[in-house]
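Peer 1: Using only what follows, build the 3D model:
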Amino acid sequence: MSKGEFTSVAQAVGGIEKLINENCKDKDTLGIITSGYLKPEEALRLLMIGPEYTQVAIKTEKAAERLKWISFEEIKKVDDKTLRAEQKEYQERFAEEMAKISED
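Peer 2: Reported below is the predicted structural model:
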């Protein structure tokens, strides 16, 4: 999902917090994004990091109805080495973005 699509859906349902799945596996990221420490635009920058399958999960019917699917790609099982490398890259990019936000 592009940033523009995500922003449009978030606005339609009443904000980014309405799209965040509190039952996600990544509780650290969830805590940072929902802590109130970040402005909505900063939270969006963090949510857009990483491969699509690590990005926010849409949790409301209203949000899902507002999506416009352009194309799809089948996600195949990823081997552990690739997954670890992607997780490391995600954590590094997340840390870099948090450092930029702290400087602002």
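
Peer 1: how about the helices in the protein?
Peer 2: Using DSSP state H, the helices of the chain run over 3-13, 27-34, 40-47, 61-66, 80-103.

Peer 1: from the chain's centre, how far out does the longest one sit?
Peer 2: Okay, so that is helix 80-103. Offset of helix 80-103 from its chain centre (C-alpha atoms, centre = their mean, to the nearest Å): 13 Å.

Peer 1: orientation of it relative to helix 27-34 in degrees?
Peer 2: 30 degrees (axes from the mean of the first three to the mean of the last three C-alpha atoms, to 10 degrees).

Peer 1: Buried residues, helix 80-103. List them.
Peer 2: Neighbour-count burial for helix 80-103 flags 90, 94, 98, 101 (criterion: 16 or more other C-beta atoms under 10 Å). Backbone N, C-alpha and C define where each C-beta goes, glycine included.

Peer 1: Show me what that helix is packed against.
Peer 2: Counting contacts by 3 or more C-beta pairs under 8 Å, 6 or more residues apart in numbering; DSSP states H and E, helix 80-103 packs against helix 40-47.

Peer 1: Give me the contact list for the helix it packs on.
Peer 2: 3, 6-7, 10, 15-16, 29, 32-33, 38, 55-56, 94, 97-98, 101, 104 (C-beta atoms under 8 Å, 6 or more residues apart in numbering).

Peer 1: 7 Å - rerun?
Peer 2: 6-7, 15-16, 32-33, 55-56, 94, 97, 101 (C-beta atoms under 7 Å, 6 or more residues apart in numbering).
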